[in-house]
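> Kindly generate the corresponding structure for this input.
(4 chains)
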Protein chains: 4
Amino acid sequence: MSSAPKNQPFSETPITVRSPELDSFGHVNHAVFLNYLEHGRFEALERAGLSWSGLDETGRSIFVVRIEVDYLEEVRRGQQLLVRTWAQSFRRTSMVLGQEIVRKEAPERVVVRAAVTAVWIGANRRPQRVPEEIQRGLLEDLSLKNL
Amino acid sequence: MSSAPKNQPFSETPITVRSPELDSFGHVNHAVFLNYLEHGRFEALERAGLSWSGLDETGRSIFVVRIEVDYLEEVRRGQQLLVRTWAQSFRRTSMVLGQEIVRKEAPERVVVRAAVTAVWIGANRRPQRVPEEIQRGLLEDLSLKNL
Amino acid sequence: MSSAPKNQPFSETPITVRSPELDSFGHVNHAVFLNYLEHGRFEALERAGLSWSGLDETGRSIFVVRIEVDYLEEVRRGQQLLVRTWAQSFRRTSMVLGQEIVRKEAPERVVVRAAVTAVWIGANRRPQRVPEEIQRGLLEDLSLKNL
Amino acid sequence: MSSAPKNQPFSETPITVRSPELDSFGHVNHAVFLNYLEHGRFEALERAGLSWSGLDETGRSIFVVRIEVDYLEEVRRGQQLLVRTWAQSFRRTSMVLGQEIVRKEAPERVVVRAAVTAVWIGANRRPQRVPEEIQRGLLEDLSLKNL
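Just a heads-up that it's a prediction; the model follows:
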C-alpha cells in the first residue's frame, strides 16, 4: 500500500495512548487509530498552511472518502507513538495522504500504515480544486515544522 | 472494492446515529463508522455461531489486520442505518468480511462500503485456523437470523 | 441525587450497547454512558419542541456545566438499555435534567442515574433565558411522544 | 465541590486535545473530558505504586461508582491541558480522587473540576479493602514523580 516517505517532507505528531482507548482485548482498538490518524492529518494540513478557522468561516470542508489501513502490530497501555503524514498524490479536487504510526522508542517499527483520500468541498457543497498553496505546503514545507 | 451480497446470506444490524457521534462538520465522523462496522461484525459472528465468552475464556481473539473503507454519503443527526456483513473470502487463518452501511429508509443508498480482513489468534498468540463451523455459519446461516 | 420521575412526563430513548464500547474490564466504559445520556437529552429536547437546526442557524447552543452521575450496575456486551430524561428544575438561564438508564428487559433495575445542569447560550456567547416553550414542552409534552 | 490540592502531592498528566474530540459545537465534547480524567487517574495510580498488569492477573479491578464534574471553560482545537489527580478521601473499600484539568499555558485557569469515587473489587467480584500501600502512595509519593 502506501510506502513510507523517503526524500519527502512529512509532518510528525506525537500521540500518547490513553487508558480508555484500550478495548476488551487489552490493546488499542482499531477504530481509535483512525482518531490518531485524523489528528495527525489536521496537524499536517495546518503546518502546510491551512487555517481551520478560515475554512470554517468560508463554509468549506474536507471530506474523507476512502481509507485503506493496515494494522501491523498491537499497541498497549502507556505507549508513545508518532503519526507521520505526507502527500502521496493529488488530483484536481482530491488528494491522497500517506500516513504511518510508529513507536516513538523504536521508530523503525511501523504499527499502522494508511492511505487516506480526501476531497475538498466548497461552500456550495460541491468538490472544489485543491488549493495550490496547500498542495505546495504539503510538498515542500512540512518537515521544517516538526519539533 | 467489496460488492454488495447478491445470493449470499448476510447479517443485518440496525444502528441509530447518536448525537455525540457528530463531529465539528456536523456529520457522523469517519472514525465512528468503524465502530458501527465492528458492532455489525460482532453480531454477524455471533449469528454464525461464535460464542464471545467462549473465545475470551479460551484466550483466543480475532484481530483486524486491514480495512478498506469508502465513504459514499454523509450521515447526519437522527438517522437510522443498517450494517450488513457477509463472508467475502477465506484463507487458512484469516477471512475477509464484506460490509456496507445503508439508510434504513432507503436501503438502496449505500453510505459506507468496507472490506475487513481479520486473523484468528490462538491462546499462544499465533495465528490459528479459521474454525470450520464459523466459516460454515457465515456462509450458510446468517440471513436466517435477521429480524 | 436525582430521583426517578413519578407523575411527571419523561422521554425514553432505546440504546443498544455496541461491542467497541466495552473497555479492558469487559464492561461498558463509564465515559460511554455520558454519550448515552447526551443522546437521550438531545432526543428529549427535540420531543419538547427544540429544533436543532434552528438552534445551529441562530448561533445559539446549550452547554453542559455540571454532571453528577452514579454507576449502580455493570453493563456488558449485547444488552439493551433505555435512557429516561425529565425536567428536574429550572433557573433563569439554566435547567437541571434528571436522567436514568435502565435495562430494557428489567426496567426496575437502574444502572446509571444522573443529574445534568445545562446553560442556554445566545448568539452573543452569553447565557440567555431558557425558552418558555421548551420549558413547557419538557414539563408537559414529553411522555406523549414515547413509542 | 472538590478543591484544588494545596500542600498535598498530586499527579500531573499532560493532554493534547485531538481534532476528532471536538463536537458539533466546535469545542471538546463533555464526555471526552471523562476520558482525559480516566487517563490521569490511571497514571496517578501507577505513580502511587499500582501495577495494572498485576491487577489484571489477579482478577481484581477498580470500578468508578460516582462522578461529579463541573465544566468551567470551553476547550477548543489544538490546546494543551494538564490533568491533576490527588487523593481526597478514603473509606474502607473506596476512595475519592479529586481531579482538575487546567490549561498548560495558564495553569491557574481550571477548565474542568471533578470528584471521582471508585471502589476496589476483588477476584470474587466483591468490594475489597483499599490496599494500604496504594493509599500511602497516593498521599505521599505522587508529586515526586511529576516530570
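> Is chain D within reach of the helix or strand containing A:Val116?
Using DSSP states H and E, the element containing A:Val116 is strand A:110-121. No. Strand A:110-121 does not reach chain D (CB under 8 Å from any CB of the partner chain); its nearest approach is 13.3 Å. Yep, even glycine has a C-beta here, placed from its N, CA and C like the rest.
> So which bits of that strand are buried?
The neighbour-count check on strand A:110-121 (16 or more other CB atoms under 10 Å in any protein chain shown) flags A:Val111, A:Val112, A:Arg113, A:Ala114, A:Ala115, A:Val116, A:Thr117, A:Ala118, A:Val119, A:Trp120, A:Ile121 as buried.
> Near chain B, which residues of chain A? Just list them.
Within chain A, the residues that sit near chain B (CB under 8 Å from any CB) are A:24-25, A:29-32, A:34-35, A:38, A:56, A:61, A:63-72, A:74.
> After the strand holding A:Val116, which helix or strand is next?
As assigned by DSSP H and E, the chain's next helix or strand after strand A:110-121 is helix A:132-136.
> what about that following helix, distance to the chain center?
The chain centroid and the centroid of helix A:132-136 are separated by 16 Å under CA atoms, centre = their mean, to the nearest Å.
> Name the residues that touch it?
Helix A:132-136 is contacted from outside by A:Leu45, A:Ala48, A:Gly49, A:Leu50, A:Ala87, A:Phe90, A:Met95, using CB atoms under 8 Å, 6 or more residues apart in numbering or on different chains.
> Make a markdown table out of these and add neighbour count, distance to D:Arg126 and secondary structure.
Converted to a markdown table, these look like this (neighbours: other CB atoms under 10 Å in any protein chain shown; distance: CB to CB, whole Å; DSSP: H, G, I helix; E, B strand; the rest coil):
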| residue | neighbour count | distance to D:Arg126 | secondary structure |
| --- | --- | --- | --- |
| A:Leu45 | 24 | 52 | helix |
| A:Ala48 | 23 | 56 | coil |
| A:Gly49 | 14 | 58 | coil |
| A:Leu50 | 17 | 54 | coil |
| A:Ala87 | 24 | 57 | strand |
| A:Phe90 | 14 | 61 | strand |
| A:Met95 | 21 | 56 | strand |
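> out of the residues of chain A next to chain B, which touch chain C?
By CB under 8 Å from any CB, the members of the residues of chain A next to chain B lying near chain C are A:Ser24, A:Asn29, A:Ala31.
> Just among those residues, which is most surrounded?
Using other CB atoms under 10 Å in any protein chain shown as the neighbour test, those are led by A:Asn29, with 24 neighbours.
> Hmm, it is touching A:Val17, no?
No. If you go by CB atoms under 8 Å, A:Asn29 and A:Val17 don't touch, sitting 10.9 Å apart.
> Which members of the residues of chain A next to chain B occur in helices, if any?
The members of the residues of chain A next to chain B that map onto helices under DSSP state H are A:His30, A:Ala31, A:Val32, A:Leu34, A:Asn35, A:Glu38, A:Asp56.
> Out of the buried residues of strand A:110-121, which is nearest to C:Arg103?
Nearest to C:Arg103 out of the buried residues of strand A:110-121 is A:Val112 (CB to CB; 37.0 Å).
> Could you tell me which residues make contact with the closest one?
Per CB under 8 Å, 6+ apart, neighbours of A:Val112: A:Phe33, A:Tyr36, A:Leu37, A:Val69, A:Asp70, A:Tyr71, A:Leu72, A:Gln99, A:Glu100, A:Ile101.
> Is there a quick PyMOL command that grabs whichever of the residues you listed are buried?
To isolate the buried ones among these in PyMOL, judged by 16+ other CB under 10 Å, type:
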select buried, chain A and resi 33+36+37+69+70+71+99+100+101
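> Now tabulate the contacts of A:Val112 in TSV and tack on pLDDT.
Shown next, in TSV, are those (pLDDT from 0 to 100):
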residue	pLDDT
A:Phe33	96
A:Tyr36	96
A:Leu37	97
A:Val69	98
A:Asp70	98
A:Tyr71	97
A:Leu72	95
A:Gln99	97
A:Glu100	97
A:Ile101	97
